[in-house]
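Visitor: next one to model:
(chains A and B)
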There are 2 protein chains.
Amino acid sequence: MNNNRKALSILLRARMRPLSPTTNRINQMQFPPIDGVRNGKVSTSQDASATLHTDFVRVQQSMHSAISMNKTEILDVALDDFSEGYYGLPNENRRALLLTLAREYDLNRKQVRDLMKQYLGLELPSSEKPLENAHEGEGSFSAFYRIERTLRESLKPMYEVLFERLNTHPGGLRFLSIMRADILSFLAEENTAVLRALDSYLKEKLITWLSPANLQLHHITWDDSASLLEKIVAHEAVHPISNLLDLKRRLGMGRRCFGYLHPAIPGEPLIFIEVALMKHVAQTIQEVLWDDPPIPECEATCALFYSISSTQPGLSGINLGKFLIKRVIDVVRRDMTTISTFATLSPIPGYMQWLLSKLAPTEISDSTFSENLLTPVEESALLEATEELTMGKNGMEVLRNLLSSSDKWINSENLASVLRIPLMRLCARYLLQEKKRGKALDSVGNFHLQNGAMVGRINWMADLSEKGLKQSAGIMVNYIYEVEHIEENAQSYFGDGDIGSSDEVRSYLEPRQEDHQEEIKD
Amino acid sequence: MNNNRKALSILLRARMRPLSPTTNRINQMQFPPIDGVRNGKVSTSQDASATLHTDFVRVQQSMHSAISMNKTEILDVALDDFSEGYYGLPNENRRALLLTLAREYDLNRKQVRDLMKQYLGLELPSSEKPLENAHEGEGSFSAFYRIERTLRESLKPMYEVLFERLNTHPGGLRFLSIMRADILSFLAEENTAVLRALDSYLKEKLITWLSPANLQLHHITWDDSASLLEKIVAHEAVHPISNLLDLKRRLGMGRRCFGYLHPAIPGEPLIFIEVALMKHVAQTIQEVLWDDPPIPECEATCALFYSISSTQPGLSGINLGKFLIKRVIDVVRRDMTTISTFATLSPIPGYMQWLLSKLAPTEISDSTFSENLLTPVEESALLEATEELTMGKNGMEVLRNLLSSSDKWINSENLASVLRIPLMRLCARYLLQEKKRGKALDSVGNFHLQNGAMVGRINWMADLSEKGLKQSAGIMVNYIYEVEHIEENAQSYFGDGDIGSSDEVRSYLEPRQEDHQEEIKD
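Guide: Residues are numbered from 1 along each chain as shown, chains lettered A, B, ... in the order given. Next up, the predicted model:
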């Protein structure tokens, strides 16, 4: 399809055009050259900056045409000019352009205020007798409906026109996603209200356009095009794909990969999920990535989601994963009746960072104000095991030094067995109790909990990759999607911040018998 | 896919459930039986009406749950209950339910007013120095952005939640389309402001969800499923498909059929267009429907659009056809380089109705105030040809009687040749000059003109079917889509009401030599 070719060519341009300020597009310019730029020759850095300025002005003009086009101009050309021009701009000019868009194409506040005054002048129809007196009330409501509709229109910023027009333009949705990725990166540098407003409006529009009703679930297989599979390799963010054989195994027997495709961005899943069909809920990522051969599919009782990755930074904050997981559960349940368990094997990306911040020495005396994270039993076992290493004056200090220095402890059976109890217990605490604004502190945890999962099990020595050790001391977690309770869990988490969990995980948080005895002994 | 099955089962239910008030759904009811209804037996008409009332209350309750669901309820179930319940309601109850939705789930006008007062209390930041003083202006704009966002939210009626939830629910988009078809039919009976507001809001949402970016162009062929092809047969509204052979020919060599599919309504094109590949722009529908065998495709120079039909009455007023035609032109141009002409062969559905209304006797004396539609030459030729039939005292009356009595004139070579000149001339006038609110009076004409076509040629004896003779005395029109001028024509029509036309069609409107002579003779 034409769309496809267009999107690809825009993509290629986007990747191939350097963003350096030396980009010379003089020969293609339609505007008269300005000072210092003559006959397409750019020789000094002053000239180069003038060129950039001309480029900027040209793109700004095409943006203006794309928004305010009148009947004699041709919209598609303006939109193409604008998006191509935008791709050619260096970052600083993109930022200036987006600021112009946000400021100069905002709402007409004068008109909004006039309409509001008019609206407030209307007498509110009585709400006492809405049904009995329906026909007489009609007339007075009619005026309300009319102004309310006009108000809704006038409260839309002018730049909505650009978003809407781009959305229906070939390659435009992808362009908008790139534009939002830019906005987000500029906001990360400097969080200004005007860019925040632009972002929040664009995000709202993208949520509408990317509604699950518009997305197609695609079962990704080895028969898909290389260009699609290339995107899977490039964007797998959880467990990187090491080579073609690895990719082929993830798409083959006992494995599934599903992506969400949008008709306007063909051949590029916006998000995809990898699934392993297993006899039991896997405890380690090694079982998933390297069990050779996989079990016969008819023996599987569990669908394990072991990776979910988004390909579009510009869609950040738009939760497509929730719908993808629900759809995949539906498809797998329908196709494979032996499967009754739906679980994840997930990283815990924020665990070590949280723990190390808790272990950090405070300026105030440790013993009085800071919490001792270790139980007496844990602390004495730790001190005993590290006696010869002289790693610190108390358990917390020893723990901090063990975890932050290197991953040596993993190779010592003794150290690992001593660390296991406190690290698993604190991990359960981190996952079940540590929150930020009422939501789970861990980002992956928050994702699955808001989708309706519960914390099912935590697994020791589950991911021994460098990344796994650094993020979570090698611990991984199984979130469980209980089909009957997904909505309920999601609502309960969303409403009250309740984190559902199994007895097994909660048991880590209960006082242990020996601790209790120890305390009595003291 | 699950969606597909669900949509189909809803569809089947919708078609199979009678809408008569005797529908007995007692056995499926979840609410306690009310007076007069016991053990699933309904015997008197009073009982039946009570049942209906219970049904209505039940559906109203599920509608309420679907809108205001709290965390313990399950949204999908509420939406299913509501849509299934709705399909089971007779028309009068559907209407009452929609009125309840529109009235009771409207905006919170108290909140809107409070926000407006708050907004009007803010001091408008100076617009004099928006760029120089950007950082200082930030803070004051921030308050505006915040209230404006809240206002936008609060100006959305509560029923938007139902629309949004249905849109992401399997089968929901199709349900919304049926709901809107109902609203439109109730509005046709009685045009009330409250239903108008509901319709206009739902229409806006549907336009967003059915944006061309979300639609897929599908080349419909004989290899498509019977269930899809059945829909083509059922909804072909212009030239009914007489049998399977007729259908096969329309999908075979030298022909194309394209449809727009939405992912949420699989297997059912929302709109489809039929195309014939020809050597020349066809003048009669007979050439298109019955030329046997078609020309080799490589000899074609013209793609002729001879039929475009929508399958969804609930999408009335949402112009999907415009985008479909543009997409099809793009696809055909890409695939068949020999084709350079894009034209339609279209009916003129309003011509005879307009002409007969113009010919109708007025209460005031004809000769003084009413316009004589015929030229002196036309009138005398007509009177001469019908002398023996004594059909009227003047040309207008004769013409009216000829056209309204029956289609006998078509079988008389003499009458047809006398009628040809005035009917073709008046047809050109109808197409180029007769307007309603600045738009072409003819609905098909308005459709193609707003899409960017021009009136290319009118054809005598082009459709001799009963419908063709009744609508337009057998005349058909070729609208031409000139690829380079589509946007320009559309804008010019949209902005100024300009109707583009060829010299040939315009020439019908110029005074003819013989008329001129006749007038001088007088």
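Visitor: and for the residue in the stretch 351-500 of chain A positioned nearest to chain B, the neighbour number?
Guide: Chain B sits closest to residue A:491 of the stretch 351-500 of chain A, with a gap of 3.2 Å, by Cβ to the nearest Cβ. To be clear about C-beta, it is placed using only N, CA and C from the backbone, and glycine gets the same treatment. Counted with other Cβ atoms under 10 Å in any protein chain shown, the neighbours of residue A:491 add up to 19.
Visitor: check the residue lying closest to residue A:476 once chain neighbours are set aside and give its pLDDT.
Guide: Distance criterion Cβ to Cβ, 6 or more residues apart in numbering or on different chains; nearest residue to residue A:476, sequence neighbours excluded, is residue A:462 at 3.6 Å. Looking at residue A:462, its pLDDT stands at 96.
Visitor: quick check: phi and psi at residue A:462.
Guide: Main-chain torsions, residue A:462, degrees, to the nearest 10: phi -100, psi -20.
Visitor: contacts only, for it.
Guide: When contacts are counted by Cβ atoms under 8 Å, 6 or more residues apart in numbering or on different chains, residue A:462 touches A:283, A:284, A:285, A:345, A:468, A:474, A:475, A:476.
Visitor: next one, pLDDT for the fourth one please.
Guide: pLDDT, the model's per-residue confidence, is 97 for residue A:345.
Visitor: distance of it from residue A:304?
Guide: Distance, residue A:345 to residue A:304, by Cβ to Cβ, to the nearest Å: 6 Å.
Visitor: same check, this time on the fifth one
Guide: Using Cβ to Cβ, one obtains 17 Å as the distance from residue A:468 to residue A:304.
Visitor: repeat for residue A:96
Guide: 48 Å.
Visitor: which of those two has more neighbours?
Guide: residue A:304 (22 against 14).
Visitor: what's across from that one in the sheet?
Guide: residue A:276, residue A:343 (DSSP bridges).
Visitor: contacting residues for it?
Guide: So residue A:304 contacts A:275, A:276, A:277, A:278, A:281, A:282, A:288, A:343, A:344, A:345 (Cβ under 8 Å, 6+ apart).
Visitor: residue A:267: what secondary structure?
Guide: Applying DSSP: H, G, I helix; E, B strand; the rest coil to residue A:267 yields a three-state assignment of coil.
Visitor: who's in contact with the closest residue to it other than its chain neighbours?
Guide: Among residues not flanking residue A:267 along the chain, residue A:228 sits closest, at 5.2 Å (Cβ to Cβ, 6+ apart). Contact partners of residue A:228, counting by Cβ under 8 Å, 6+ apart, are A:220, A:267, A:268, A:269.
Visitor: can I get these in TSV with pLDDT and neighbour count?
Guide: Shown next, in TSV, are the contacts of residue A:228 (pLDDT from 0 to 100; neighbours: other Cβ atoms under 10 Å in any protein chain shown):
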residue	pLDDT	neighbour count
A:220	96	21
A:267	91	15
A:268	94	21
A:269	96	29
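Visitor: of those, closest to chain B?
Guide: Chain B lies nearest to residue A:267 out of these, by Cβ to the nearest Cβ, at 13.3 Å.
Visitor: hang on, the earlier thing: quick one: which two of the contacts of residue A:304 are the most distant?
Guide: A:277 and A:344 (14.0 Å; Cβ to Cβ).
Visitor: of these two, who's got more company?
Guide: A side-by-side neighbour count of residue A:277 and residue A:344, using other Cβ under 10 Å, places residue A:344 first with 28 against 23.
Visitor: give me phi/psi at residue A:284?
Guide: Torsion angles, degrees, to the nearest 10, at residue A:284: phi -130, psi 150.
Visitor: so it makes contact with residue A:476?
Guide: Yes. Residue A:284 lies in contact with residue A:476 (Cβ atoms under 8 Å); the separation is 7.2 Å.
Visitor: and for the two, which residues touch both?
Guide: A:345, A:459, A:462, A:463.
Visitor: what sits up against whichever strand or helix holds residue A:402?
Guide: Assigned by DSSP states H and E, residue A:402 belongs to helix A:395-405. With Cβ under 8 Å, 6+ apart as the test, helix A:395-405 has contacts from A:352, A:355-356, A:359-361, A:366, A:372-374, A:378-380, A:382-383, A:386, A:391-392, A:409, A:415, A:419, A:422, A:473.
Visitor: same question for the one helix or strand residue A:326 maps to, mean pLDDT?
Guide: Assigned by DSSP H and E, residue A:326 belongs to helix A:320-335. Mean per-residue pLDDT for helix A:320-335: 94.
Visitor: okay, and the helix or strand of chain A with the least pLDDT?
Guide: For chain A, using mean pLDDT, DSSP states H and E, the weakest element among its helices and strands is helix A:2-16, scoring a mean of 37.
Visitor: tally of neighbours for residue A:507?
Guide: 12.
Visitor: pLDDT at it, what is it?
Guide: Turning to residue A:507, the model gives it a pLDDT of 95.
Visitor: show me the domain layout of chain A.
Guide: As recorded under automatic domain parsing, the domains making up chain A are A:2-106+A:157-209, A:109-154, A:213-344, A:351-521.
Visitor: list the buried residues of the strand or helix carrying residue A:146.
Guide: Following DSSP H and E, one finds residue A:146 within helix A:134-154. Using 16 or more other Cβ atoms under 10 Å in any protein chain shown as the test for burial, helix A:134-154 gives A:137, A:141, A:144, A:145, A:147, A:148, A:151, A:152, A:154.
Visitor: for stretch A:158-166, same thing?
Guide: When burial is assessed from 16+ other Cβ under 10 Å, stretch A:158-166 yields the following buried residues: A:159, A:160, A:162, A:163, A:164, A:165, A:166.
Visitor: now stretch A:337-345
Guide: Those buried within stretch A:337-345 under the rule 16+ other Cβ under 10 Å are A:339, A:341, A:342, A:343, A:344, A:345.
Visitor: got those as a markdown table, with distance to residue A:447 columns?
Guide: As requested, those are exported to a markdown table (distance: Cβ to Cβ, whole Å):
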| residue | distance to residue A:447 |
| --- | --- |
| A:339 | 22 |
| A:341 | 20 |
| A:342 | 15 |
| A:343 | 15 |
| A:344 | 10 |
| A:345 | 14 |
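Visitor: which one of the residues you listed is nearest residue A:437?
Guide: Closest to residue A:437, out of all of the buried residues of stretch A:337-345 and judged by Cβ to Cβ, is residue A:344, at 23.5 Å.
Visitor: flag the shaky bits of the stretch 251-400 of chain A, pLDDT-wise.
Guide: Residues of the stretch 251-400 of chain A that meet the criterion pLDDT under 70 lie in A:291-292, A:363-370.
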